[in-house]
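Trainee: any chance you could fold what I've pasted below:
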Amino acid sequence: QVQLAESGGGLVQAGDSLTLSCAISGRLFSSHHVAWFRQAPGKEREFVGLIRWGYGTSYYSDSVKGRFTISRDRAKNLSSLQMNRLTPDDTAVYYCAAGAEPYKYWGQGTQVTVSS
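Mentor: The predicted structure follows:
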């Protein structure tokens, strides 16, 4: 059984940076991904990006490409989402998910609020 716990959310100003963490308990296989999603009020959940647990290659949605970076530390069973040049449009609850698609394991989410 895999459990995920996000942390690091908060209130920041536009242009600031913020790093979210996803602590993973349990075992992930090299073929698994850790993915990040977000959901803004009144909107559908949006894919942010993912990282392959084994190879470490990452992929991003167009809306965050060039601003966000996903990393993983297999020794610490941790994934991070580094977010730069934040805008109010990035305000959302951010979730990490893990496993193989469709993702079976989800965290509880962490709120990120970007003020203008």
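
Trainee: distance of the residue positioned nearest the centre of the chain relative to residue 54?
Mentor: In the chain, the centroid-proximal residue (C-alpha atoms, centre = their mean) is residue 36; its distance is 3.2 Å. If you measure residue 36 against residue 54 using C-beta to C-beta, to the nearest Å, the figure is 18 Å. Glycine gets a C-beta too; all of them are placed from N, C-alpha and C.

Trainee: now the strands for this protein?
Mentor: Assigned by DSSP state E, the strands in the chain fall at 3-7, 10-13, 18-25, 33-39, 46-52, 58-60, 68-73, 78-83, 92-99, 105-106, 110-115.

Trainee: quick check on residue 75: phi, psi?
Mentor: Torsion angles at residue 75 (phi, psi; degrees, to the nearest 10) stand at phi -70, psi -40.

Trainee: count the residues that sit near it.
Mentor: Residue 75 has 6 neighbouring residues, counting by other C-beta atoms under 10 Å.

Trainee: per-residue confidence at it?
Mentor: pLDDT, the model's per-residue confidence, is 95 for residue 75.

Trainee: check the one 10 residues further on too.
Mentor: We have a pLDDT of 98 for residue 85.

Trainee: what of the one 3 residues further on?
Mentor: Model confidence at residue 88, expressed as pLDDT, equals 97.

Trainee: return the distance of it relative to residue 11.
Mentor: Remark: distance between residue 88 and residue 11 (C-beta to C-beta) = 12 Å.

Trainee: so what sits against both of the two?
Mentor: By C-beta atoms under 8 Å, 6 or more residues apart in numbering, residue 88 and residue 11 have these common neighbours: 114, 115.

Trainee: okay, and for this structure, where does confidence drop off?
Mentor: Counting by pLDDT under 70, the chain contains no low-confidence segment.

Trainee: count the neighbours of the closest residue in space to residue 80 that isn't next to it in sequence for me.
Mentor: Leaving aside its chain neighbours, residue 80 sits nearest to residue 71 (5.0 Å; criterion: C-beta to C-beta, 6 or more residues apart in numbering). Residue 71 has 14 neighbours, counted by other C-beta under 10 Å.
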